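> could you look at this predicted model? Sequence included:
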Amino acid sequence: MKSIPLVVKYFARHVAPLTTCLVIAAALMAPASRAAAKDTPPNVVVIFIDDMGYADINPFGSTAYPTPNLDRMAADGRKFTDFCVSSAVCSASRSALLTGCFHKRIGISGALGPKSNIGINANETTLAEICKSQGYRTAIYGKWHLGHNPKFLPTNHGFDEYYGIPYSNDMWPLHPNSVAKRRNNPKAPISWSELPMIENTKIVNESIQPDDQREMTKEFTRRAVDFIKRDSEDPFFLYLPHPMVHVPLYASIDFEGKSGQGLFGDVVMEVDWSVGQVLDAIKDIGAEENTLVVFTSDNGPWLSYGEHAGKATPLREGKGTMFEGGYREPTVMQWKGKIPAGTTCDTFASTIDLLPTVAAMIGAELPNHKIDGHDIQPLMFGEADATSPHEAFPCFYAGQLQAIRNERFKLVFPHQYRTLDGGSGGKDGLPANYSQAMAKKALYDLDNDVSETTDVSQDYPEVVAQLDAAAEQYRQALGDRLTNTKGSEVRPAGRMQPGDEELPLVW
C-alpha cells in the first residue's frame, strides 16, 4: 500500500474534491498498482546474454527450437536489426554498456580473469549510478566481469544488490577443455581458481560445481522476479546478465533435452523462459506501461565450439572479430504504449546509447566526463524522421582499430583475425582450432551486403576518404595498436593498490 500517497497526490491535483474522496476511498479497499501514478519514472530492465549469435532466437531467424517469450516481446515491442556492442569480447562490451563509453576510452579490453588486478574505475559513472541519482532501486543478478576484487564489484558502482559470478563461467577448473588436458596429462597445471558465487562483496560459495551451473539461469531469474515484485514505491533498474549461452553450457533438469536440438537449444529455451518470467512479473505488478525492457547480448557466438555455439547467419564471423557477426547483436526492446508494437528498426545504434537514453528518460544528469553514446529515444519510439546519432563508429578489438563504420558503410583496415575458414567447429563442449587470416583494406556496403563479401571502395572513394579521416580522429583520441598511436583521451581503468581488499579466491 506504499504507493497510495502517489494516488492521493494525483487525484487531489486533477479531480474535483468530492470525487477525489470517493476515488481515494475505493483505492484504500483495493491493491494499488505501482504504475498508477502517471508521473512515476519508468522502470528499466536490461537482459544481457553472453555469446548469443545474431540468428539464435526466432525473431532473428532461428527455427530450430521455440523462443515464445522473445517472440511475444518482439510482437509487443521493436526489433533492432543493426544494434552493436563496443567490442566482440566480454569485459570490453560490458564496460561500454554500463558507462556509455567506448571501452577503449575507459581502459577496459579483453576478458578479465581471476589474475587480473584491474577493473572498472571508481571515477566512471555507471547506468546504475545514473538511476540511483533519481531514487531508483538497483540490482544485478548474473555475470559481472568488470573486476572481481571488492572495490570493483557492483555494490561499489551503483548497485544495491549483487548476486552472481565475477567473470565467465569457463574460468573454472572444470572447463571441459581443462579436464581433457588433465585426462591426457594428470600433472597438467590448473589454469583457473575455483569459480565463486558472490553476494554483494562476499563469497557465498567458493567452489561452484556442475550442479550449481545447471541452476544458475533459474536462480538469477528467481532473484530478478523477487526484486521486481518487492513492495516499494521506488522505480527500479534491473540488470540481468545471464552467464549462458557462454560455454560450458548447462541447462536445468526442466530444460535439458527439451529442445530436441542439443544442449545449445536447451539453454536458449531456458533463457527464453527467463525472459517470460521477467515479463510476467512486470505484468503482475501492473507496470507494463511503465517499464522499458531491453534484451541483447555482449558479443556474437564463439564459433570454435561448434555444436555448443550459436550462429550469426547471415553475418560474417563471430566473437573475437569485428566483422558483423562479432559485434552486431539480436536486440529487442519493449515498453507497452511507448515503443510501437510489432515493429523493426534497421537504423544503426549501440549499447553505449542506453545510458544517455535512460538518463534523458528519467531526468538524470549525464556524467561530467566525456561519453560516446547518444539518446536514441526517437529510434526506440519509431519517430518517422529518426536517424542514427553516430556519424562514425570505431570498431576496436585488442587495442586495434580494425574497422570504422557509419549508418551504411564499413571500412575495414588490414589486420589479422581468427577464423574457422568454413569449418564447423568442435563437439561435446570442446573447441576446434581457429586459423589466422589477414583482412585487407576494404569498404563494405552493409545495406546491400551485410555479409561483408564485396569490396566497393572503388565505387565510393569519397566514403573511404570520409571514414579514413574519422578513423584518424579516433586513433588520436583513443589510440590504435595497428598504427602504434597513443590516444590522448584514454582514461585509466581502476587498479588494485597496496592495502586494497582482495577477494579470497581458492586456487
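Right, received. Where do you want to start?
> show me the contacts for the spatially closest residue to Glu502 that is not a sequence neighbour.
Leaving out its chain neighbours, the residue that sits closest to Glu502 by CB to CB, 6 or more residues apart in numbering is Asn149, at 5.5 Å. Glycine gets a C-beta too; all of them are placed from N, C-alpha and C. Contact analysis of Asn149 by CB atoms under 8 Å, 6 or more residues apart in numbering lists 117, 119, 496, 500-503.
> can you do 7 Å?
By CB atoms under 7 Å, 6 or more residues apart in numbering, the residues touching Asn149 are 119, 496, 500-503.
> so which of the residues you listed are in helices?
Of those, none are assigned to helices by DSSP state H.
> and the residues you listed, which is closest to Asp212?
Leu503 (17.7 Å; CB to CB).
> and the closest one, what's its pLDDT?
On pLDDT, Leu503 comes in at 97.
> that one: neighbour count?
By other CB atoms under 10 Å, 19 other residues sit near Leu503.
> cool, Pro498 as well?
4.
> on that earlier part again, just among the contacts of Asn149, which is most surrounded?
Most surrounded of the contacts of Asn149: other CB under 10 Å gives Gly119, at 28 neighbours.
> a markdown table for the contacts of Asn149, including distance to Ser388?
Shown next, in a markdown table, are those (distance: CB to CB, whole Å):
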| residue | distance to Ser388 |
| --- | --- |
| Gly119 | 31 |
| Met496 | 39 |
| Asp500 | 41 |
| Glu501 | 43 |
| Glu502 | 43 |
| Leu503 | 40 |
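> please report phi then psi for the residue nearest to Glu502.
For Asn149, the backbone dihedrals (degrees, to the nearest 10) come out as phi -80, psi 150.
> do you know how far it is from Asp254?
35 Å (CB to CB, to the nearest Å).
> how deep is Glu233 tucked in, by neighbour count?
Residues near Glu233, counting by other CB under 10 Å: 15.
> ok, now Leu127?
Leu127 - counted by other CB under 10 Å - has 26 other residues nearby.
> and for Gln261?
14.
> do the same with Thr453
10.
> got it, and Pro356?
Neighbour number of Pro356 under other CB under 10 Å is 23.
> can you say which helix or strand has it in it?
Using DSSP states H and E, Pro356 falls within helix 354-362.
> what does that helix rub up against?
41-42, 44, 46, 97, 99-100, 127, 130-131, 134, 294, 366, 371, 373-377.
> swap the cut-off to 6 Å and go again
Under the contact criterion CB atoms under 6 Å, 6 or more residues apart in numbering, helix 354-362 has outside partners 41-42, 44, 100, 127, 130, 134, 366, 373-377.
> do stretch 250-257 as well
Looking at what lies outside stretch 250-257 - CB under 6 Å, 6+ apart - the contacts are 213-215, 218, 266-267, 269-270.
> how about a cut-off of 7 Å?
210, 213-215, 217-218, 263, 266-267, 269-270.
> where are the low-confidence patches of the stretch 401-507 of the chain?
Of all residues in the stretch 401-507 of the chain, none has pLDDT under 70.
> and the helices in it?
All helices of the stretch 401-507 of the chain, identified by DSSP state H, counting those that start in this stretch, fall at 461-478.
> the strands in it, which residues?
Secondary structure of the stretch 401-507 of the chain (DSSP state E, counting those that start in this stretch): strands located at 409-412, 415-419, 435-439, 442-445, 494-495.
> phi, psi of Val247?
Dihedral angles for Val247 - degrees, to the nearest 10 - are phi -70, psi 150.
> can you pull the contacts of it?
170, 302, 305, 308, 429.
> now the host helix or strand of Ala96: average pLDDT?
For Ala96, the enclosing helix or strand under DSSP H and E is helix 90-99. Taken as a whole, helix 90-99 has a mean pLDDT of 98.
> name the residues that touch that helix?
Outside helix 90-99, the residues touching it (CB under 7 Å, 6+ apart) are 48, 85-87, 102-103, 106, 108-112, 120, 124-127, 145-146, 168, 298-299, 351-352, 354-355, 371.
> out of those residues, list just those in helices.
Applying DSSP H to the contacts of helix 90-99, the entries found in helices are 127, 354-355.
> nearest to Val456, of those residues?
Closest to Val456, out of all of the ones in helices among the contacts of helix 90-99 and judged by CB to CB, is Leu354, at 31.6 Å.
> ok, that closest one - how many residues close by?
Residues near Leu354, counting by other CB under 10 Å: 24.
> over to Val412?
22.
> tell me the spacing between it and Ala471.
Going from Val412 to Ala471 by CB to CB gives 11 Å.
> got the buried residues for the helix holding Ala96?
Residues 90-99 are the ones in helix 90-99 that count as buried (16 or more other CB atoms under 10 Å).
> if I look at Pro210, how far off is Ile106?
35 Å.
> compare those two (neighbour count), which wins?
Using other CB under 10 Å as the criterion, Pro210 and Ile106 rank with Ile106 on top: 28 against 10.
> so who does the more buried one touch?
Ile106 neighbours (CB under 7 Å, 6+ apart): 95, 99, 121, 124, 491, 493.
> try Ala88
Here Ala88 is in contact with 299-300, 319-322, 326-327, 397 (CB under 7 Å, 6+ apart).
> in strands, which of the residues you listed appear?
Residues of the contacts of Ala88 located in strands (DSSP state E): Tyr397.
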